[in-house]
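*Asks:* Sequence and computational prediction follow.
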Amino acid sequence: MEKNRNYFIAIALSVVIVLAWQFLYMNPRMEAQRRADEAQQALQGEAPKPANGESPGAQGTGTSSGTLPGGTVAAQTPVTRDQALEKSKRVQIETPALIGSINLTGARFDDLKLREYHETVDDRSPLITLFSPSETTDGYFTEIGYLAGPEVGAGPVGNTQWTVASGDKLTQQTPVTLTYTNEKGVTFTRTISVDDHYLLTVADKIENKSGGAVTLTPYGRVLRNNKPATPAVWVVFEGFIGVLGEAGSLNEHTYANIEKEQYTNPKATTGWLGITDKYWAATIVPPQAVPYVARFSHFTTGQASYQADYKSDDVVIQPGQSTELKNLVFAGAKVVPLISQYETNNAIPQFNRLIDWGWFYFITKPMFQLMDFLFRHVGNFGLAILATTVVVKALFFPLANKQYASMANMKRMQPKMEELKAKHGDDRMALQQAMMALYKDEKINPIAGCWPVLLQIPVFFALYKVIYVTIEMRHAPFFGWIQDLSAPDPTSLFNLFGLLPYDVPHALMIGVWPLIMGITMFFQMKMNPTPPDPTQAMIFTWMPVVFTFMLSSFPAGLVIYWAWNNTLSVTQQAIIMKRHGAKVELFDNIKSLFRRKPAASK
């Protein structure tokens, strides 16, 4: 009865773990997805106002000390993207990485697609759309402007009509120059240039041809109407981000936090701010010599919107004088080497933090660098994962060798352990004390078999972070049916891996690689001596099954790593145990599962 009780306890624990995973992780994600879809479908007609109740200064003129722009411009029912693009004059953008246009109303970047990235693994699928006009449901744009008082005349804001002075298309070789002169004779000349990737430079020259001094307040903002359609998970940050000030730390604020309370940063000089998604980001690097105040806001009236903005100190221009200011705008994919290059070449403080390396960045970033180095030699990120596993195993070999040697010594003590079991019978307390004394006399670590698994946990999470966060892994193929290492294995045991013509519920998507991982983990568990406690033994037996279900929803690259790591661990352990004269009882332990247990003596 005791063994049966332990057996059912072990099964119950396994079921609890699986159910906890489903209800605490998967169900909240699906519920969050449902709420996001409902919010995206809600069409509201009134133009947004700032959450603090102030009137939005961007929609018309304002004072130099007035309110920053806030909310979308559109007061009508949102229109389609194509309709919005046709409503205003535009200058086309075309580079190897970007295609889109600049809206001459407000000189906004509100039409941008990423030419190197598609929505699915199929290259025929639509390109990733980053920016869309504010009049659309999915409006997302970046705007640079100037607030001014009536005595100065209208400053260029969201509804200002700019004129093209030179350049009919923005490319990496040909910049575009726009001009705007207000009613007081203040002329704004804006030169926009772009590199061959995702960095736009906005250089403004302001000439005061009026009769008096001019005071302007530079500002910049990144605004989006909706949160990402796919809810974020704990492993990756999505939302408002920035490094505000030269010695400032990374500021990260989720959409949920800003919905509750606006964030305003104390005045700073240098830094950057914006909005980041899992793979994409839109940020502004303000003029680095001018102090500014940054703000993260949520506007709720009408079409809900989220805005990261800054407002610089006033700039005073005397009659007949001019001044120049420069903003940098990053809008694109968070490619690791490219982000590091922008940080170095443009002296952007801590710009590499735009990529969410996590708390264990000292493991995660070197892990990526190793994998990226290997990828450049083998040409496949799946093979790079396998090679990285070999390198990591080699680094941990001295410690693993020591632990496996201890396990081999424990195997040799099995006859003495059996004698102790026979001697003490059902007296568990006496049996445990006798075994601990034996371990001490023989200098054996009884938990040595756990160390190989425990040691790979930090590496496991670092690799998980790399595979899940870095865009280099997005849509990276392996071989066969694995065409995206950052997505789960698309096959399932419950429709015979696609042979049966029906879809399988998400919870039953147990693919080929999760099954291979589960089998290799089972072998690894059976390499170790069976724990004397029946409950522990049953838990170890069922652990591979639990992990198979859990990891089936993880990125395929991570599951491939785990399966390969288990295989190397079994091989390594077998070699070390043979060298120490211990018998490798893998197959004997597996056979013992199918033997009839002897009946307990009455």
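*Replies:* Perfect, I can see it now.
*Asks:* Identify the residues contacting residue 106.
*Replies:* Contact partners of residue 106, counting by CB atoms under 8 Å, 6 or more residues apart in numbering, are 143, 145, 156, 157, 158, 159, 160, 162. No exception for glycine: its C-beta is placed from N, CA and C like everyone else's.
*Asks:* Looking at these, which is nearest residue 381?
*Replies:* residue 143 (37.2 Å; CB to CB).
*Asks:* My guess is residue 162 contacts residue 104. True?
*Replies:* Yes: the pair residue 162 / residue 104 is scored as a contact, 4.9 Å apart, by CB atoms under 8 Å.
*Asks:* Please identify which of the two sits among more neighbours.
*Replies:* residue 162 (21 against 18; other CB atoms under 10 Å).
*Asks:* Contacts only, for that one.
*Replies:* Counting by CB under 8 Å, 6+ apart, residue 162 makes contact with 104, 105, 106, 107, 156, 178, 179, 180, 190.
*Asks:* one more time with 7 Å
*Replies:* Shown in contact with residue 162 (CB atoms under 7 Å, 6 or more residues apart in numbering): 104, 107, 178, 179, 180.
*Asks:* Return the set of buried residues in stretch 560-575.
*Replies:* Judged by neighbour count using 16 or more other CB atoms under 10 Å, the buried positions of stretch 560-575 are 560-570, 572-573.
*Asks:* got TSV for the residues you listed, with pLDDT too?
*Replies:* TSV is the format used below for the buried residues of stretch 560-575 (pLDDT from 0 to 100):
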residue	pLDDT
560	93
561	89
562	88
563	92
564	92
565	88
566	89
567	91
568	90
569	85
570	86
572	84
573	81
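*Asks:* Just send those residues back as CSV, with secondary structure too.
*Replies:* Below are those laid out as CSV (DSSP: H, G, I helix; E, B strand; the rest coil):
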residue, secondary structure
560, helix
561, helix
562, helix
563, helix
564, helix
565, helix
566, helix
567, helix
568, helix
569, helix
570, helix
572, helix
573, helix
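*Asks:* List just the nearest of those to residue 315.
*Replies:* Checking the buried residues of stretch 560-575 against residue 315 by CB to CB gives residue 561 as the nearest, at 53.4 Å.
*Asks:* thought the closest one was touching residue 463?
*Replies:* Yes: Residue 561 lies in contact with residue 463 (CB atoms under 7 Å); the separation is 5.6 Å.
*Asks:* quick one: residue 327 from residue 478, how far?
*Replies:* For residue 327, the distance to residue 478 equals 41 Å [CB to CB, to the nearest Å].
*Asks:* now the nearest residue to residue 133 once chain neighbours are set aside: how far from residue 170?
*Replies:* Distances taken as CB to CB, 6 or more residues apart in numbering place residue 84 nearest to residue 133, at 3.7 Å, with adjacent residues excluded. For residue 84, the distance to residue 170 (CB to CB) stands at 19 Å.
*Asks:* So, low pLDDT: which residues of the stretch 151-300 of the chain?
*Replies:* Along the stretch 151-300 of the chain, segments meeting pLDDT under 70 span 230-234, 247.
*Asks:* Okay, domains of the chain per the record?
*Replies:* Domain ranges of the chain: 42-356, 365-592, per automatic domain parsing.
*Asks:* what ranges do the strands span in the stretch 151-300 of the chain?
*Replies:* Secondary structure of the stretch 151-300 of the chain (DSSP state E, counting those that start in this stretch): strands at 163-166, 169-170, 176-181, 186-194, 199-208, 214-224, 239-244, 250-253, 263-264, 271-276, 280-285, 292-299.
*Asks:* out of the ones you listed, nearest to residue 309?
*Replies:* Smallest distance to residue 309 across these (CB to CB): 3.7 Å, for strand 214-224.
*Asks:* Just the angle for that closest one relative to strand 239-244, thanks.
*Replies:* Put simply, strand 214-224 runs at 140 degrees to strand 239-244, going by axes from the mean of the first three to the mean of the last three CA atoms, to 10 degrees.
*Asks:* ok, and what's touching strand 214-224?
*Replies:* Residues outside strand 214-224 that contact it (CB under 7 Å, 6+ apart): 64-65, 68-69, 139-148, 152, 155, 186, 206, 208, 274-275, 282-284, 286-287, 305-312, 314-317, 325, 327.
*Asks:* Kindly report the same for stretch 309-316.
*Replies:* Contacts of stretch 309-316 (CB under 7 Å, 6+ apart): 64, 68, 213, 215-221, 273, 284, 286-287, 290-295, 323.
*Asks:* what distance separates it from the centre of its chain?
*Replies:* Between the centre of stretch 309-316 and the centre of its chain there are 32 Å (CA atoms, centre = their mean, to the nearest Å).
*Asks:* pull the CA atoms of it into PDB?
*Replies:* Taking C-alpha atoms only, stretch 309-316 is exported to PDB below (Å, rounded to 0.1, in the frame of the first residue of the first chain):
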ATOM      1  CA  ASP A 309       8.300  62.200 -25.700                       C
ATOM      2  CA  TYR A 310      10.800  64.700 -24.600                       C
ATOM      3  CA  LYS A 311      10.700  68.500 -24.300                       C
ATOM      4  CA  SER A 312      14.000  70.400 -24.300                       C
ATOM      5  CA  ASP A 313      14.900  73.700 -22.600                       C
ATOM      6  CA  ASP A 314      13.900  76.800 -24.500                       C
ATOM      7  CA  VAL A 315      16.100  77.900 -27.400                       C
ATOM      8  CA  VAL A 316      16.500  81.700 -27.800                       C
END
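*Asks:* Pull out the buried positions in it.
*Replies:* Neighbour-count burial for stretch 309-316 flags 309, 310, 311, 312, 315 (criterion: 16+ other CB under 10 Å).
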